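S.K.: Kindly return the folded structure for what I paste below:
(3 chains)
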Amino acid sequence: MNPLETPFIKTIRREIAFTARDHTVWFWMIIVTCLSVLSVAFGQAEIKHQHVQIQSLVQANEASNTLESSKWNDWGSAAFYHYHMTYDAPSDFAFAALGQRDNQPWKHRIRMLALEGQIYERDVSNPSITIIGRFDFSFLAAFVFPLILIMLLYDLRASEIKAGRYHLLVSSVSHIASLWPLRTILRTTAVLLCLLVPMIFAGAINGTSLSTLLQASIMVLLFTLFWSVVCYIVSAWRQSSAIILTTLVGLWVVTAVVLPAGAKVAIDKAVPLPSGADILLHQRETVNDAWDIPKEITMNNFLQRHPKWANYQPKPPSFDWPWYYAFQQVGDQATENLSTAYRNGRLQRDRIAGWVSLIAPSSLLERSLQSLANTGTAASIDYEDRVRIYHSKLREFYYPKLFRHEPYDKTHLNKVPRFNGR
Amino acid sequence: MKEIVYIAVGELRYWLRSHLALGGSLVFLMLISITSILTTGHINAENNARVQQQKNAEDTFLTQPDRHPHRMVHYGHYVFRSPPPLATFDPGLDAITGQSIFLEGHRQNTAMFAESGASADLGGLSWLSPALVYQIFAPLIIILLGHGAIAREREAALLTPILSLGVSGYSLVLGKALALLIFIIIIMIPLMVTCTIAVFKGADPIAAGLLFCVYLLYLIVWGIMTLCVSSILHKRSTVLAVLSSCWFIFNLALPSLAVNFVTYTTPLSGKIETDLTLLADLHKVGDGHNINDPAFGQLREQLLKKYNAQSLADLPVNFRGIVAIEGERKLTNVLNSYAARRMAGETQQSQQLANYGWLTPTLAITFISRSIAGTDLANYHRFQKEAEALRFSFVQKLNHAHAEQLSYSDDIQRNKDEASGLKARINASNWKSLGSYHFKKSILSDRVKSAFYSFNILLTWFFEMCIMLFLCARGINS
Amino acid sequence: MMMLQADSLHIKRANRAALNGINFHVNSGEIYALLGGNGAGKSTTLLSFLGFLKPSQGQVRVKGIEVKSNIAAARKVMTYLPESASLYDHMNAYENLKYFLQLAKRHVTESDIQHALNRVSLNQDSWKIKLRDYSKGMRQKVAIALSILRDTDILLLDEPTSGLDPAAIDEFHALIRDLANNGKAILMVTHDVYGACQVAERIGLLRDGQLVGEFSSHSDAPIDPQIVHSAFLRNK
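M.R.: Presented below is the predicted three-dimensional model:
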């Protein structure tokens, strides 16, 4: 027997032909393809823009430092005026999930002063743009795509019942499994391919690793599976199609909007954060008070944490740079607790959100794609951590020169640690 | 005329007896009520917190001891952005824009600590507010109730008998429209309550009334759209599917696609980028700390000439203070021109975005709503401008005190020893010149003006829909 | 008096001639049955009297009014009962009547409604039951009650007896007979040959949009169903 002529293959071919005759299926396939291509193309354009931006910022910063450096005549002023570019370059999958990159800073231009005063700067885009959010692949897949699936699948049975064909159909097929489940699978597969292919294509162009693309595809597949099973179960219900559709859209509203929104409010309430303003006020107090209190107090505070420089001898009467940087650091130390609480609180909120998203599939998919693309909250806090580490490296670089009164040597500036933005 | 009322009453009776309609409305009313209560509570708490923080910041500034005036310039001050009263209905950009700005000499800082930066992130539409519920979910409930209006009659073969009673298609459609209008007004009760409470908290009654009117108009647009589709298509389930598709395309897909287009066609340069070019411009202005900066040479000559003095020490004013004043003035001019350019860019971008209101009424209403509530981009810019004005004013007041109350000789010897340091200070009573600040709601006419463009778009949608409905009703007639 | 009149009526539907020049009339006090197979043009004829379909040639008149020029006036004097006795499922008999009468701008008292429901002998227990729980015969009775209450001179019935059991058909025939005896003109379209012969004074036989035969009863002799039946089957 010709393997293409087995009853199973025949059935599939019959149903493919049947599905292909349905104009609505074609309509939604075209819509999904367009949306997917648009989302991926714009994501790609934005990522490219960000890369270009990073490159030009690094160059411009370099140029500006070179220009300024002629005026630096000691290590203190060099450290004071030398700006360093830090950035979090978008990953090779960020085109599909831009995530928090519109809302959280991913570039800071920092210097040796107290870090707390610098790290909360927000160089982010236009708020009236951010509030709506971009139409990226993760948004399409997690929020819009289930609605399209619903539109395709809600009416599968009810329409046949309404048209009076249901019993005829059911009594005509040999295996009932070859009818509704097969139709559901065919329709779902058709739009799923339209959704995934542009993303995979763009991934190939970007050189995204195969495993990332595979993981993303599996996530979307599982999510799609979830929704088509839900649609299958609900549409099996002997009710009018209007009630079935309303129920499905209602489920979407609850899982995609109401649950996440409610959870957000609850999580923010449950995990209180120190107010950002307090961090800054406190830091400013400490830094400014240093001018008024005896230098010894500041230095003692500093040396407690950095006994390494205990044998430092101030060089009067000139302006004392080491002391200046010491009180900057003491300022950071003073807000350390608040700042750590602020960071950990955000991570804690994010962790709980991760757990809650287990009952909100759309959030789960979007978050998963974002973590795959390194664009989630955790990634942005990770960037913040890296900036902190980098800043402490800067201190490690300058402190010996300052506290040991090393003579200023321009050529040493080349050895200033550079930020590795990946 | 009377038959329109009868048809409306008939439709209302149908909804009262339909579990779907009743259940849907109940869920909607619960959603909007809970959202309203939570948002009102949240915004009021935020408002109290920010007013308190503002007061703390002022108190801290005032309780500073006698100091060298320039120390206070660097000590700086904070301003906090209080949400306007109608933010309880439409918080708009409140959550995603910075709440406070640190004001200090020689710098314009960005507003820091947006709520969204620290919130749990669950993606999508998780910033629910009463305004968002009306913009996005009220249309859904209107579709749920209205989709059957004509299609149901047609499916039950009731259309012909009703028309054969002498009822015209226009009356039928108008009757159904009246029923939907009544329903829309009922679901707007929570809006009225929220806005009325806001009025007691200081919102303009006119603004609250305007909000009611524009949302009414917006929901009517959706109501009419629903009726049109219901009267064109024959199958009730097709009507519902087409309308639901319109719903998510208008509400979910198009606005964020518009964002993609706008950011692609009119990109904005970030702050760091402009800061770098800014730096070059600032060098030309001169360093206000350095009296020997050649940028102030002319000033020095003028002053010496004016007071007929031989050296700076002979001047009746402290030249260091004068240089600080002049330096700050010039620097602020440069900073302001950059700030103005950035704000113009942002405004242009959001204007571009508003243009997409021609494609989806949802964008139009979001712009109108935020403008009237006073939580839009213009309001955020106003905060930044007010903060800058305050910054410039207190810095210059301190610089004037520097020039007038501290002698030049004391000033240049301030680092000599401790006693000289103590001498180079001015009285703490000078800090009072800071005054107190409260970010007030903007003038109503300004808000209305900025809502005007999008309002025209929405009005056009309304008229287009009316014409559509007229054509659909004519189709039923024959 | 001629209540309904079709003069060389041509109707086109979907670019196809649905009616091809038919002539007939219905007098007051008379039941006229239009008999024909599926797609013969029966319902098309009814819809053209109601003004939903415009003649491409010829005209239809209702009480002498040309329908095309004054649809509203024509509709005022007719009651149309569609095939499935379409009424609202979510209302009871009482509410349905009240609602339709409001739309027809006809003011009636409660006792009028009770009277009409009694006249169609609808069991009083079922007056307050929603129509979704009615049998087809019961719905048909409510529809007749509506025509009684509207008190129009003309009744247009589309397949009124399809789906009714024999007892219900008899009851229905008695009802419309009674109405006709009170001077109403009744035009019914049906494919039930025997029912039509039983109740109608005259029968028009429609085939492919043309009236191919007309049969009349006489005071003592009703129309012979055998003759009509064989005419109905001829040339098929």
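S.K.: element containing B:Gly209, please.
M.R.: Element membership of B:Gly209, judged by DSSP states H and E, is helix B:205-232.
S.K.: near chain A, which residues of the stretch 351-478 of chain B?
M.R.: B:353, B:366, B:370, B:376-377, B:380, B:415 (Cβ under 8 Å from any Cβ of the partner chain). C-beta: built from backbone N, CA, C; applies to glycine.
S.K.: Can you give me every residue that contacts B:Trp247?
M.R.: Applying Cβ atoms under 8 Å, 6 or more residues apart in numbering or on different chains to B:Trp247 gives the contacts B:139-140, B:143.
S.K.: Would you agree B:Pro65 is in contact with A:Asp292?
M.R.: Yes. Counting by Cβ atoms under 8 Å, A:Asp292 is a contact partner of B:Pro65 at 7.2 Å.
S.K.: just the strands in the chain please.
M.R.: Just going to use chain A. A:84-87, A:107-110 (DSSP state E).
S.K.: actually chain B
M.R.: With DSSP E as the criterion, chain B has strands spanning B:77-80, B:100-104, B:107-108.
S.K.: Quick check: which of those strands is buried the most?
M.R.: Comparing those by mean neighbour count (mean count of other Cβ atoms under 10 Å in any protein chain shown), strand B:77-80 ranks first with a mean of 25.
S.K.: what comes into contact with it?
M.R.: A:277, A:280-281, B:50-51, B:53-54, B:57-58, B:61, B:99-104, B:383, B:386-387, B:390-391, B:394, B:434, B:437, B:439.
S.K.: on that earlier part again, I'd like the strands of chain B laid out as CSV, including distance to C:Val199 and mean pLDDT.
M.R.: Listed next are those as CSV, based on distance: least, Cβ to Cβ, whole Å; pLDDT from 0 to 100:
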stretch, distance to C:Val199, mean pLDDT
strand B:77-80, 87, 89
strand B:100-104, 88, 87
strand B:107-108, 94, 84
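S.K.: Which residues does stretch A:294-303 contact?
M.R.: Contacts to stretch A:294-303, defined as Cβ under 8 Å, 6+ apart, come from residues A:290, A:309-310, A:312, A:314, A:320, A:323, A:326-327, A:329-330, A:333.
S.K.: Narrow those residues to those that are buried.
M.R.: Buried by 16 or more other Cβ atoms under 10 Å in any protein chain shown: A:290, A:309, A:312, A:320, A:323, A:326-327, A:329-330, A:333, out of those.
S.K.: Of the residues of the stretch 351-478 of chain B next to chain A - the most surrounded one?
M.R.: Among those, B:Arg370 has the most neighbours (other Cβ atoms under 10 Å in any protein chain shown), with 29 neighbours.
S.K.: which non-adjacent residue is nearest C:Leu205?
M.R.: C:Gly213 (4.1 Å; Cβ to Cβ, 6 or more residues apart in numbering or on different chains).
S.K.: In chain A, what residue comes closest to chain C?
M.R.: A:Ser240 (12.2 Å; Cβ to the nearest Cβ).
S.K.: from memory that residue sits against A:Asp155, does it?
M.R.: No. With contact defined as Cβ under 8 Å, A:Ser240 does not reach A:Asp155; the gap is 10.4 Å.
S.K.: These two: which has the busier surroundings?
M.R.: For A:Ser240 versus A:Asp155, neighbours defined as other Cβ under 10 Å are more numerous around A:Asp155 (22 against 16).
S.K.: For the closest residue to that one other than its chain neighbours, list the residues it contacts.
M.R.: For A:Asp155, ignoring the flanking residues on the chain, the nearest one in space by Cβ to Cβ, 6+ apart is A:Ser241 at 5.0 Å. For A:Ser241, the contact set (Cβ under 8 Å, 6+ apart) comprises A:154-155, A:158-159, A:162, B:236-237, B:240.
S.K.: again, only this time at 10 Å
M.R.: Applying Cβ atoms under 10 Å, 6 or more residues apart in numbering or on different chains to A:Ser241 gives the contacts A:154-159, A:161-162, A:235, B:235-238, B:240-241.
S.K.: Now, those residues that are in helices?
M.R.: Secondary structure from DSSP state H places A:158-159, A:161-162, A:235, B:236-238, B:240-241 of the contacts of A:Ser241 in helices.
S.K.: Give me the buried entries from those.
M.R.: A:158-159, A:162, A:235, B:236-238, B:240-241.
S.K.: so where is the stretch 201-350 of chain B shaky, pLDDT-wise?
M.R.: By pLDDT under 70, the stretch 201-350 of chain B contains no weakly predicted segment.
S.K.: what do you get for the stretch 251-400 of chain A?
M.R.: In the stretch 251-400 of chain A (pLDDT under 70), the answer is A:314-318.
S.K.: sorry, back to before: report the buried residues of the helix holding B:Gly209.
M.R.: Result for helix B:205-232 [16+ other Cβ under 10 Å]: buried residues B:207-208, B:210-212, B:214-215, B:217-232.
S.K.: go on, stretch C:4-23?
M.R.: Buried, per 16+ other Cβ under 10 Å, within stretch C:4-23: C:4-7, C:9-12, C:17-22.
S.K.: now those in CSV, with pLDDT?
M.R.: What follows is the buried residues of stretch C:4-23, written out as CSV (pLDDT from 0 to 100):
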residue, pLDDT
C:Leu4, 90
C:Gln5, 89
C:Ala6, 89
C:Asp7, 90
C:Leu9, 89
C:His10, 90
C:Ile11, 88
C:Lys12, 86
C:Ala17, 83
C:Ala18, 85
C:Leu19, 87
C:Asn20, 87
C:Gly21, 87
C:Ile22, 89
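S.K.: just the residues you listed now: which is nearest chain A?
M.R.: Checking these one by one against chain A (Cβ to the nearest Cβ), the nearest turns out to be C:Ala18, at 24.5 Å.
S.K.: Run through the residues that contact that closest one.
M.R.: C:10-12, C:39-41, C:43-45, C:47-48, C:53, C:56, C:208-209.
S.K.: one more time with 8 Å, if that's ok
M.R.: Applying Cβ under 8 Å, 6+ apart, the residues contacting C:Ala18 are C:11-12, C:41, C:44, C:53, C:209.
S.K.: is C:Leu157 in a bridge, and if so with what?
M.R.: Note on C:Leu157: beta-bridge partners by DSSP bridges are C:Leu81, C:Met188.
S.K.: which ones are touching it?
M.R.: By Cβ under 8 Å, 6+ apart, the neighbours of C:Leu157 are C:81, C:176, C:186-189.
S.K.: Closest to A:Ile16 out of those residues?
M.R.: C:Val189 (44.4 Å; Cβ to Cβ).
S.K.: residues from the stretch 1-150 of chain B in reach of chain C?
M.R.: Counting by Cβ under 8 Å from any Cβ, the stretch 1-150 of chain B sits next to chain C at B:2-3, B:6-7, B:10, B:13-14, B:17-18.
S.K.: Spatially, which two of these are the most separated?
M.R.: Using Cβ to Cβ, those span at most 24.6 Å, a distance reached by B:Lys2 and B:Ser18.
S.K.: what about these two, which has more around it?
M.R.: Remark: of B:Lys2 and B:Ser18, B:Ser18 carries more neighbours, 19 against 10, as counted by other Cβ under 10 Å.
S.K.: what's the residue in chain C positioned nearest to chain A in contact with, if anything?
M.R.: Chain C approaches chain A most closely through C:Asp89 (12.2 Å), counting by Cβ to the nearest Cβ. By Cβ under 8 Å, 6+ apart, the contact list for C:Asp89 reads B:156, C:130-132.
S.K.: which of those residues are buried?
M.R.: Using 16+ other Cβ under 10 Å, the buried ones in the contacts of C:Asp89 are B:156, C:130-131.
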